[in-house]
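Q: Whatever this is, show me its structure:
(chains A and B)
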Amino acid sequence: MIRFLIKGVFRDRHRYLFPLIIVSCGVLIMIFMLALINGYMDSFIRSNAGFETGHLKVVSRAYSDIIAQKPYDLSLLDIQSALDQWKKRYPQLEWTERIQLGALLDVPDATGETREQGEIIVYGIDLLKSGMERKLLNLDKALARGRIPSQPGEALVSEQALERLKLKIGDPVTLIGSDIYGSLAFHRLVISGTINFGAEALDRGALMADISDIRQMLDMPGGAAEILAFFKDGRYDQKEADRIKADFNQTFSDPRDEYSPVMLAMSDQNNMGYLMGIVHSMLGIFSFVFIVILGIVLWNSGLMNGIRRYGEFGVRLAVGESKKHIFGTLVLEAVAIGVVGSAIGILLGSLGCWYFNIHGMDVSVFTRNSTLFTQDIIYTYIPLHTALAGFIPGVLSTVLGAILAGLAVFKRQTSQLFKELEV
Amino acid sequence: MKKAIIAILAFCAFSLVSAAPSAESILSAIDKNMTSQTTKSTTRMVIHAKRSSRTVESVNYSQGSDRFFTEYLAPPRDKGTKMLKAGDNLWIYDPGTDRTIQISGNMLKQSVMGSDLSYEDFMEEDKLSQDYSAGVDGEITYDGRACWILTLMAKKPGLAYAKRKIYVDKSRYVVLYELLYAKSGKLLKSLKFSNVTKTGNRWYPRYILFKDELKDGKGTEYFVDSIQFDIPIPAATFTKARLKK
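A: A predicted model of the protein is given here:
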């Protein structure tokens, strides 16, 4: 029976073509939009994780209480052996240490007197030992002039700060700040290059130096304000992050010691959990709206189909087929069209996603004035299970349309059939 | 009879109050005790930070109330750091970077070597009688010593502390306790002075506990290990050229 129905549908071009095109296009658009939103979110997460939160972050308990203030005087000190232990216990993670502080950048003249002075945000990161930070912060791409530091005592400064302080590549500068004990601290650096991230927050006045220089300046050998951890596959996994966080805090954190380490997941920081929740809700709303709109379109298509097949239904009722059975066959036909249409939509959508996943989509025109940590190129991304889930709205909308249109069958009066058929 | 007793008591009370010197004369006596033409001292600052304590040693020279030179001798990280106050200017020399930086603006509010003292404290003139008008609020026994309680109000704007409350040792004219307030009335710092010893013809506290009331921690202990007054100090000591030497 089902085989008979399917053959009937696909041998009558008028019955399948329009709904099939609608469903395929709808699913294609939905799959692509989901992939785009996922890709944007992925880019947003990657940028925020790389610049700020990590997939997971370890700080001292006291630091975590006022983490927004970046209180580096509450840093973790002498943590190298502990870090080795964490690396062994969580081999799925890559680790990097950072220190961030506000300081004054003092530019001397030829006699050593202050020529220019300005406020700057200093990032102490690993620039010399591994290439991890270069990759995370996309430093090679952000490099505007000069070169990335290759030895201690060198630093990168944002292009805007370089111009504001009338600096040149190769100029010596002095960082002035407070060490972790509150004492005035000085450190001499040479500008090796400039950076431009396209994010106002960083470009206004950032200086990046190797963490060894900043440790020396702040009198915190072997210490770090924040230790960021990233999943080696580069993707944030909320469940795994929560599991590792719980295990870490149970094993290594002591609630009685304010300087003991505590682990935070990305969703615990910078309202990222809230933002991710909003995006997931948006995806749900998007799917629902898609079902409703496509359902209405297919309802209309079903109604037109019903008018065209008005005579056919009349004959079928006249020969004794029940209204329920006709309604049932309509729904079954819709399921067949929905499945085939969704499959075509998923296939075409996935092909589009695959292309933009490899080549990326340049959205710099929209992010030019953005202060958010987003990247200019978005790589569409859709997990397999989400793509396959595209079947559900595709089939649901077709069936919904068929149900709404098919209800008209129940309004037919058997007594009027012969009169109608005479015509 | 009753009226006569009240009159006698009132007379006695009036006599006692009138026996107290004026606030201005107390301030002048304190200034006389605490300031000199020149001073050379070696001091230790024990800074009790939240995580650990450390000791900073220095040798200090002063001339009048507006010239001050300090060279830090320990710990090794701070050794060779020098600070010069000349009039309204304050410079610090860092041997690590071989730079002399002028401390001004917000930097004056920074802590000195992580202690409870700020650079702003160094910019204060030494003579209380010049900067503050005072009134005697009463008397108290503090640390076993009979003291006057004085409230000092800034005579001019721009001083680090708009109001001070001090307990002054009646017989030695030394401040034993001091509370420093902002213009808003908020308590900023407290100072406890002890180990008052006679050096030459003046009484001088050899121990001060500074406490920044806006910070956690146990405060900063300041020990004056040696002090000499009115000794010849070369004028070149108070020049910028001396910082790099």
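Q: only C-alpha atoms for contact and neighbour calcs from this point on.
A: Fine.
Q: Make sure A:Gly295 is actually in contact with A:Val395.
A: No. The criterion here is Cα atoms under 8 Å, and A:Gly295 misses it with A:Val395 at 9.7 Å.
Q: ok, how many other residues are close to the residue lying closest to A:Cys353 once chain neighbours are set aside?
A: Nearest non-adjacent residue to A:Cys353, counting by Cα to Cα, 6 or more residues apart in numbering or on different chains: A:Thr380, 5.6 Å away. The burial metric for A:Thr380, expressed as a neighbour count using other Cα atoms under 10 Å in any protein chain shown, is 28.
Q: need the contact list for A:Thr380.
A: Counting by Cα atoms under 8 Å, 6 or more residues apart in numbering or on different chains, A:Thr380 makes contact with A:32, A:35-40, A:353-354, A:356-357, A:360-361.
Q: repeat that with 10 Å
A: Contact partners of A:Thr380, counting by Cα atoms under 10 Å, 6 or more residues apart in numbering or on different chains, are A:32-43, A:350, A:352-361.
Q: Excluding chain neighbours, what is closest to B:Lys211?
A: Distances taken as Cα to Cα, 6+ apart put B:Gly219 closest to B:Lys211, at 4.3 Å, once the chain neighbours are dropped.
Q: Give the lowest-confidence helix or strand of chain B, using mean pLDDT as the measure.
A: Ranked by mean pLDDT, DSSP states H and E, the weakest helix or strand in chain B is helix B:2-19, scoring a mean of 48.
Q: The helix or strand that that helix is followed by: which residues count as buried?
A: Using DSSP states H and E, the helix or strand that directly follows helix B:2-19 along the chain is helix B:23-34. For helix B:23-34, the buried set under the neighbour-count rule, 16 or more other Cα atoms under 10 Å in any protein chain shown, comprises B:Ala23, B:Glu24, B:Ile26, B:Leu27, B:Ser28, B:Ile30, B:Asp31, B:Asn33, B:Met34.
Q: Which strands and helices lie in contact with the helix or strand just after helix B:23-34?
A: The C-terminal neighbour of helix B:23-34 among helices and strands, as given by DSSP H and E, is strand B:38-48. Counting contacts by 3 or more Cα pairs under 10 Å, 6 or more residues apart in numbering or on different chains; DSSP states H and E, strand B:38-48 packs against strand B:53-63, strand B:67-74, strand B:202-212, strand B:219-229.
Q: What are the buried residues along stretch B:156-166?
A: Residues B:Leu159, B:Ala160, B:Tyr161, B:Ala162, B:Lys163, B:Arg164, B:Lys165, B:Ile166 are the ones in stretch B:156-166 that count as buried (16+ other Cα under 10 Å).
Q: from those residues, which ones fall inside strands?
A: B:Lys163, B:Arg164, B:Lys165, B:Ile166 (DSSP state E).
Q: where does chain A dip in pLDDT?
A: Of all residues in chain A, those with pLDDT under 70 make up the ranges A:1-2, A:5-6, A:8-9, A:302, A:305-306, A:364-376, A:386, A:414-423.
Q: Just tell me which of the helices and strands packed on strand B:38-48 ends up closest to A:Leu74.
A: Using Cα to Cα as the measure, strand B:53-63 is the one of those that comes nearest A:Leu74, at 15.2 Å.
Q: so what strands line up beside the closest one?
A: Counting by DSSP bridges, the strands paired with strand B:53-63 are strand B:38-48 (antiparallel), strand B:67-74 (antiparallel).
Q: between it and strand B:219-229, how big is the angle?
A: Between strand B:53-63 and strand B:219-229, the angle comes out at 30 degrees (axes from the mean of the first three to the mean of the last three Cα atoms, to 10 degrees).
Q: Quick check: mean pLDDT of strand B:53-63?
A: For strand B:53-63, the per-residue pLDDT values average out at 93.
Q: Tell me the spacing between the residue nearest to A:Cys353 and chain B.
A: Going from A:Thr380 to chain B by Cα to the nearest Cα, to the nearest Å gives 48 Å.
Q: Reformat the strands paired with strand B:53-63 as CSV; add mean pLDDT and mean neighbour count.
A: Conversion of these to CSV gives the following (pLDDT from 0 to 100; neighbours: other Cα atoms under 10 Å in any protein chain shown):
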stretch, mean pLDDT, mean neighbour count
strand B:38-48, 94, 20
strand B:67-74, 93, 21
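Q: mind checking which of these is nearest B:Lys198?
A: strand B:38-48 (14.9 Å).
Q: quick check, distance from that closest one to the centre of its chain.
A: Taking the mean C-alpha point of strand B:38-48 and that of its whole chain, the gap between them comes to 12 Å (Cα atoms, centre = their mean, to the nearest Å).
Q: and the angle from that strand to strand B:202-212?
A: Counting by the same axes, to 10 degrees, strand B:38-48 points 30 degrees away from the direction of strand B:202-212.
Q: Now strand B:38-48 - C-alpha only, PDB.
A: This file holds the C-alpha atoms of strand B:38-48, laid out as PDB (Å, rounded to 0.1, in the frame of the first residue of the first chain):
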ATOM      1  CA  THR B  38      69.100  68.300  58.600                       C
ATOM      2  CA  THR B  39      68.500  64.600  59.500                       C
ATOM      3  CA  LYS B  40      70.200  61.400  58.600                       C
ATOM      4  CA  SER B  41      68.600  58.100  59.600                       C
ATOM      5  CA  THR B  42      68.700  54.400  58.900                       C
ATOM      6  CA  THR B  43      65.400  52.700  59.000                       C
ATOM      7  CA  ARG B  44      63.700  49.400  58.500                       C
ATOM      8  CA  MET B  45      60.200  49.000  57.100                       C
ATOM      9  CA  VAL B  46      58.600  45.600  57.900                       C
ATOM     10  CA  ILE B  47      55.700  45.400  55.400                       C
ATOM     11  CA  HIS B  48      53.100  42.900  56.400                       C
END
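Q: one step back: out of the buried residues of helix B:23-34, who's nearest chain A?
A: Of all the buried residues of helix B:23-34, the one with the least separation from chain A (Cα to the nearest Cα) is B:Met34, at 27.3 Å.
Q: Cool, thanks, signing off.
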